[in-house]
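Q: Quick check, what structure comes out for this input:
(2 chains)
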Amino acid sequence: MLDIRYVRENAEKVRRDLVEKLFFDPAPLDAILQLDAERRRLQVERDTLNARRNALSKEMSDPTKREALKIEAAALKEKIPALEKAVAEIEAQQTEIALQLPNLPHESVPIGRDETENRVLREEGRKREFDFVPKPHWDLASALAIIDFDRGVKIAGSRFYVLCGAGARLQRALINWMVDLHVQEHGYAEVYPPYMVKRECLIGTAQLPKFGDNLYRDAEEDFWWIPTAEVPVTNLYRDEVLDAARLPINHVAYTACFRREKMAAGRDTRGIKRGHQFDKVEMVKFVHPDTSMAELERLLADAEDVLKRLELRYRLVQMCTGDLSFSAMVKYDLEVWAPGADEWLEVSSCSNFGDFQARRAAIRFKDKGSKDKPRLVHTLNGSGLALPRTLIAVLENYQQADGSVVVPAVLRPYLGGLEVIRRA
RNA sequence: GGAGGAGUGGCCGAGCGGUUUAAGGCGGCGGUCUUGAAAACCGCUUUCCCGAAAGGGGACGGGGGUUCGAAUCCCUCCUCCUCCGCCA
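A: Numbers count the residues shown, from 1 in each chain, chains lettered A, B, ... in the order given. Here you go, the predicted model:
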């Protein structure tokens, strides 16, 4: 959510950013400004009446004066509830619209309409040369019997699969290795959060109200299945004032993630690139506002380190303004090369949200004992990494002519020393 | 799921319809005293909204109600504790 005071005082800049950078309809902006003015007017009116009521109440604590004041008090009692209702309604309207406005891009973000105008900043890692035609992972994995696509579909439907034997074990090794790496070498504290959360959490991280289409929920209890660990982990400190000395707080979490993929219906139906359920290791940072851009670089470096140690070829892409996600101020993607499917796969997305999520979720900080008002933290998150696509990259890059797959050196200790995955 | 009990400021804890601007204590911060520290004493110490400020208003788990007036009474939901049931 944007700071209403900032919006009020910089209405023209906000409008320009929405229109010229995000290609977003500015109509809600006008609605908000109008509601905001009306809200403040009504609020002053209500507060004035309340002040009078409080004064009367105080006088009426003296029984001898009570009768004389009763008439005015009763009159106030008539007026106040209507005003209170009006303020509450207008506040609700204002919030509803405010929740629909995207974050404004950081000044450093290149302007562009859509993903075709994103910038590839650099490519890293050696491209593996093949003396045979590399297979896509669905062929490789089926032949090795490490992914069972048919039975996945049988038990859960399309976009589901079953990892089997060395396939399941390889994913588990990747998870454990990645979490250990972030904990032991990058300074993140591990958390294992709930996979189902309350509606407020989704509002806090801004999946709701706009993107409910992509979420699974249990209607009876109003539980929502997390589409990413970002949701429960960011909301860990919802409605809290953190001690400034604790910042930055860095968490890493391994969770399953659940997405309807309605918007992407029909896309990427082959293989394990896009499923309704997938695993991900996610890093989340809560930082002092002055440091968030520097922290984004560190987050990115921590995600990149995973790809470097796996010795995979990847590239760094900066999102242009038009391809920024709803809540991001800046966003980078890491894309890994998949030689079998012959494409770059997005395995990580690292974003700085500024105070956009922190305002929605009321995550603040303050120096201990200080009289200053609490300030909003900045939140960031990045995948480190998404499992299915990392698995694809490992399988396709480490395949051999005979259809076996070499286990990357860093993962061998997590697979009991296994060096090659062959048909069992 | 059933029965009973409880939710007050960073923590403990009073408060049971009108000087509560939420007592008191602990912790924290600042000061006095001291060579320094401790002790003692004094002061400060939740948060949100409107406002340039002065000031005003709101919040005692959430929501609703009764009343001129609610931390205090009523309804409802949530959470925690105890016992029973069930279960990995």
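
Q: make it CA atoms for all contacts and neighbour counts henceforth
A: Fine.

Q: mind checking how far residue A:386 is from residue A:346?
A: 9 Å (CA to CA, to the nearest Å).

Q: Confirm residue A:333 sits in a helix?
A: No. The assignment for residue A:333, made by DSSP: H, G, I helix; E, B strand; the rest coil, is strand rather than a helix.

Q: any idea how chain A splits into domains?
A: A:4-98, A:115-421 (automatic domain parsing).

Q: winner for burial among these?
A: domain A:115-421 (a mean of 19; mean count of other CA atoms under 10 Å).

Q: now that domain, how far from the chain's geometric center?
A: 10 Å (CA atoms, centre = their mean, to the nearest Å).

Q: again, but for stretch A:76-90
A: On CA atoms, centre = their mean, the centre of stretch A:76-90 falls 37 Å from the chain's centre.

Q: Looking at it now, give me its mean pLDDT.
A: The pLDDT scores in stretch A:76-90 average 85.

Q: Identify the residues contacting it?
A: A:35, A:38, A:39, A:42, A:43, A:45, A:46, A:49, A:50, A:53 (CA atoms under 8 Å, 6 or more residues apart in numbering).

Q: now do 7 Å
A: A:35, A:39, A:42, A:43, A:46, A:49, A:53 (CA atoms under 7 Å, 6 or more residues apart in numbering).

Q: Over to stretch A:50-61?
A: A:66, A:73, A:76.

Q: Just the ones in helices from the residues you listed, please.
A: A:66, A:73, A:76 (DSSP state H).

Q: tell me which of the residues you listed is nearest to residue A:285?
A: residue A:76 (49.3 Å; CA to CA).

Q: excluding its backbone neighbours, what's nearest residue A:368?
A: Once flanking residues are discounted, residue A:368 sits nearest to residue A:243: 5.8 Å by CA to CA, 6 or more residues apart in numbering.

Q: before we move on, what about residue A:411?
A: residue A:173 (6.4 Å).

Q: In contact with that neighbour, which residues?
A: Applying CA under 7 Å, 6+ apart, the residues near residue A:173 are A:411, A:414, A:415.

Q: Columns secondary structure on top of those residues, output as CSV?
A: Listed next are the contacts of residue A:173 as CSV, based on three-state DSSP:
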residue, secondary structure
A:411, helix
A:414, helix
A:415, helix
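
Q: and residue A:133, which of the three is it?
A: Going by three-state DSSP: residue A:133 is coil.

Q: How about the residues of the stretch 301-424 of chain A by RNA strand B?
A: Those residues of the stretch 301-424 of chain A that sit near RNA strand B, judged by CA under 7 Å from any atom of the strand, are A:368, A:369, A:371, A:373, A:374.
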